[in-house]
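# I need the structure of the sequence given here:
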Amino acid sequence: MTQRGSALNFRDFVAELLTTGDAVDIGKPVSPTLEAGAVTRRVYDTRSPAPLFSALTEGDPGFRILGAPAGLSGRPGETYGRLAAHFGLGRDTTPRDLLEKLISAMRATPVPPRVVPTGPCKENVLTGDEVDLTRFPVPLLHQQDGGRYFGTYGFHVVRTPDERWTSWSVSRTMLHGPSTLVGPAMPQQHLGMIHRMWAERGERTPWAMVLGAPPAALAAAGMPLPAEVDESGYVGALTGSPVDVVRAETNDLYVPANSEIVLEGYISPDETAPEGPMGEYHGYSFSGSKPQPVFHVKAVTYRDQAILPVCVAGTPPEENHTIWGTMISAARPRTAAFQRPARLDGLVLLRGGHLLDRRIRRHPAAGAHGNDGTAARRRRGRGALRLAHRMAGAQGAPGGRRHRHHRHRPGRVGHGDPQPPHDRPLRLPAGPRNPDGPLPHARGGARLAGAGRRSSVACCPSSSKA
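Residues are numbered from 1 along each chain as shown. Predicted structure coming up:
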């Protein structure tokens, strides 16, 4: 029997958004090449209903894309309605209600997943030579991106060789070939930790990736739970019901039975390929690509008329700041004093570059699509959020050691400009309209990331659990 409800069934989640008017079914032809990304960025900026693209001009007929799955809503009293639907809560849920729900589940007894013989994700099964990822409408989200990104709102499933720990980890993946993806698996992150365990044995890492996952599971996969803690047990405690999982076709991993799309295979122990650049969550795109592990896809299972959710990362507020910022806030409460607030697109920028939306705090260690707060991610988060602090006109923004994750230090925007009044939205300094070139006043290799000429500044879902 299929699990129901918006927290444990992505299809029910989409249906609820459509019913309440917080999503709109777009039946006109839309291209996954920049157009879907540009529309989605506009949705973030205007707090419009989430776009469900049902007539895509690329990929096999029947596949759909959902943009802005955790964007903020412009409906009065329902600002956080899409976030609340991830957990089966009412549309009038407040940020405080969300955090209290998430924190209470951390104190509860974990509820392990329930193995079922089959599920909706098995409605279509492709193996061997049938696997062709190009049949899916994999989008090009930003015009500076180094490729098409399949995984921007999904999670990896990996397990330690001794089978004691299964990790659900959020990390982006870029299309590399008809049966391969490439993406980060940093050694300090949960995905990278487990990949390293297998690589040290000279073995491939059994792997799966879940797209259109149960929304509560997707949220938890981006939460900084401790190493060796299974996210599935937390999701069971959070929703009050075990997550139904089914065995993969080609390995011994288990994936949520209600998933829209599941990719299966392995991570090569030593093979790498260029990945990126991709627009980053702080609104910049860095030049050049980096060698990252190659993910080999040996099987694909998916629902009829499968829906691929996408996060078009960039300036706030999008999923990196809303859903994963919320999860990080719940797991890592902070009590440090903040100073010199300035408005930033409905969010509040405070001392140290922390982003708050009322009670929702984004931890400075949070990279885009990351969740275990390692030193590497802290450096990345501090560097990115230092930029935001400079955008507010602050001098000498704190943030620890100098950002070293990227080869080029991001350019500064409006450094030394007068501090804007606290009651007005922050504005970028005036400059020529040039979505393809460097920012006015910018230095180094950083550029604005845009999804077409009409897009806002946009960014990247980065790596797993950091």
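
# Stretch 167-182 - what's its average pLDDT?
For stretch 167-182, mean pLDDT is 97.

# quick check, distance from that stretch to the centre of its chain.
Offset of stretch 167-182 from its chain centre (CA atoms, centre = their mean, to the nearest Å): 13 Å.

# And stretch 276-290, by the same measure?
15 Å.

# what's the span of it, first residue to last?
Criterion CA to CA, to the nearest Å; first-to-last residue distance in stretch 276-290 is 7 Å.

# ok, P309 - contacts?
P309 sits next to 10, 65-67, 69, 152-154, 211-212, 260 when contact means CB atoms under 8 Å, 6 or more residues apart in numbering. Every residue, glycine included, has its C-beta placed from N, CA and C.

# Out of those residues, list just those in strands.
65-67, 154, 211 (DSSP state E).

# Just the buried ones from these?
The neighbour-count test (16 or more other CB atoms under 10 Å) marks 65-67, 154, 211 as buried among the ones in strands among the contacts of P309.

# mind putting the ones in strands among the contacts of P309 in a markdown table, pLDDT and distance to D25 included?
As requested, the ones in strands among the contacts of P309 are exported to a markdown table (pLDDT from 0 to 100; distance: CB to CB, whole Å):
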| residue | pLDDT | distance to D25 |
| --- | --- | --- |
| I65 | 98 | 12 |
| L66 | 98 | 10 |
| G67 | 98 | 12 |
| G154 | 98 | 22 |
| L211 | 98 | 19 |
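
# Next, format those residues as TSV and append distance to Y302.
Formatted as TSV, the ones in strands among the contacts of P309 follow (distance: CB to CB, whole Å):
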residue	distance to Y302
I65	13
L66	14
G67	19
G154	12
L211	9
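
# which one of the contacts of P309 is nearest A23?
Closest approach between these and A23, by CB to CB: L66, at 7.4 Å.

# Give me the spatial nearest neighbour of the closest one, chain neighbours excluded.
P309 (4.7 Å; CB to CB, 6 or more residues apart in numbering).

# how distant is the helix or strand containing the one you found from the center of its chain?
Element membership of P309, judged by DSSP states H and E, is strand 307-310. Taking CA atoms, centre = their mean, the mean C-alpha location of strand 307-310 is offset from the chain mean by 11 Å.

# And D304, how close does it get to F13?
As judged by CB to CB, to the nearest Å, D304 and F13 stand 17 Å apart.

# out of these two, which sits in the busier spot?
F13 (28 against 9; other CB atoms under 10 Å).

# low-confidence ranges in the stretch 201-350 of the chain?
For the stretch 201-350 of the chain, the stretches flagged by pLDDT under 70 are 333-350.

# Let me see the ranges of the helices in it.
Ranges of helices within the stretch 201-350 of the chain are 215-221, 231-239, 323-331, based on DSSP state H, counting those that start in this stretch.

# which one of these is the most hemmed in?
Looking across these with neighbours counted as mean count of other CB atoms under 10 Å, the highest average goes to helix 215-221: a mean of 30.

# which residues sit against that one?
With CB under 8 Å, 6+ apart as the test, helix 215-221 has contacts from 6-8, 10, 13, 69, 85-88, 153-155, 168-170, 210, 213, 231-232, 234-235, 238-239, 243, 256, 323-324, 326-327, 371, 465.

# got it, and stretch 11-18?
Under the criterion CB under 8 Å, 6+ apart, residues 4-7, 23-25, 49-50, 52, 66, 69, 82, 85-86, 120, 212, 215, 258, 260, 303, 307 lie in contact with stretch 11-18.

# ok, of those residues, which come out buried?
5-7, 23, 49-50, 52, 66, 69, 82, 85-86, 120, 212, 215, 258, 260, 303, 307.

# Run through the residues that contact the nearest residue to P242 once chain neighbours are set aside.
In this structure, P242 finds its nearest non-sequential neighbour in R114, 4.0 Å apart by CB to CB, 6+ apart. Contacts for R114 (CB under 8 Å, 6+ apart) come out as 242-245.

# Of those residues - the most surrounded one?
Busiest of those [other CB under 10 Å] is V243, holding 30 neighbours.

# ok now do Y234, which residues does it touch?
Residues near Y234 by CB under 8 Å, 6+ apart: 105-106, 110, 220, 223, 225.

# Same check on F136?
Contacts of F136 were listed using CB under 8 Å, 6+ apart, and they are 59-60, 63, 150, 261, 308.

# what's the farthest-apart pair in those residues?
D60 and F150 (14.4 Å).

# neighbour-wise, which of the two wins?
Set D60 next to F150 and count neighbours by other CB under 10 Å: F150 wins out with 26 against 12.

# Return the distance of the more buried one relative to W207.
According to CB to CB, F150 stands 14 Å off from W207.

# Where do the strands of the stretch 51-200 of the chain begin and end?
64-67, 114-115, 124-127, 149-151, 154-159, 166-169, 173-177, 180-182 (DSSP state E, counting those that start in this stretch).

# who does the last one pair up with?
When sheet partners are counted by DSSP bridges, strand 180-182 sits next to strand 173-177 (antiparallel), strand 290-302 (antiparallel).

# In JSON lines: the ones you listed, plus distance to E130.
Formatted as JSON lines, those follow (distance: least, CB to CB, whole Å):
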{"stretch": "strand 173-177", "distance to E130": "15"}
{"stretch": "strand 290-302", "distance to E130": "8"}
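
# and those as a markdown table, adding mean neighbour count and distance to T40?
Output for the strands paired with strand 180-182, formatted as a markdown table (neighbours: other CB atoms under 10 Å; distance: least, CB to CB, whole Å):
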| stretch | mean neighbour count | distance to T40 |
| --- | --- | --- |
| strand 173-177 | 22 | 18 |
| strand 290-302 | 21 | 21 |
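
# so who does L211 touch?
Counting by CB under 8 Å, 6+ apart, L211 has contacts 150-151, 153-154, 259-263, 308-309.

# hang on, the earlier thing: scan the contacts of Y234 and report the most crowded one.
Within the contacts of Y234, A220 tops the neighbour count with 32 neighbours, counted by other CB under 10 Å.

# List just the nearest of the ones in strands among the contacts of P309 to V125.
Distances from V125 to the ones in strands among the contacts of P309, taken by CB to CB, are shortest for L211, at 15.6 Å.

# how close does G222 get to W168?
According to CB to CB, G222 stands 9 Å off from W168.

# So for these two, which residues contact both of them?
Taking CB under 8 Å, 6+ apart as the criterion, G222 and W168 both touch F155.

# Surely M278 touches Y284?
No: with contact defined as CB atoms under 8 Å, M278 and Y284 do not form a contacting pair (10.6 Å).

# out of the two, which sits in the more crowded spot?
Counted by other CB under 10 Å, M278 and Y284 do not tie: Y284 has more neighbours, with 30 against 27.

# Show me what that one is bridged to.
Y284 has these beta-bridge partners by DSSP bridges: L448.

# Same check on the one 10 residues further on?
Legend: beta-bridge partners of V294 under DSSP bridges are V182.

# Could you do T33 as well?
Bridge pairing for T33 - DSSP bridges - gives L140.

# give the contact list for it.
Applying CB under 8 Å, 6+ apart, the residues near T33 are 58, 139-140.

# Could you rerun that using 10 Å?
57-58, 137-141, 143, 148, 451-452 (CB atoms under 10 Å, 6 or more residues apart in numbering).

# How about S73?
Applying CB under 10 Å, 6+ apart to S73 gives the contacts 17, 20-22, 47-50, 79-84, 91.
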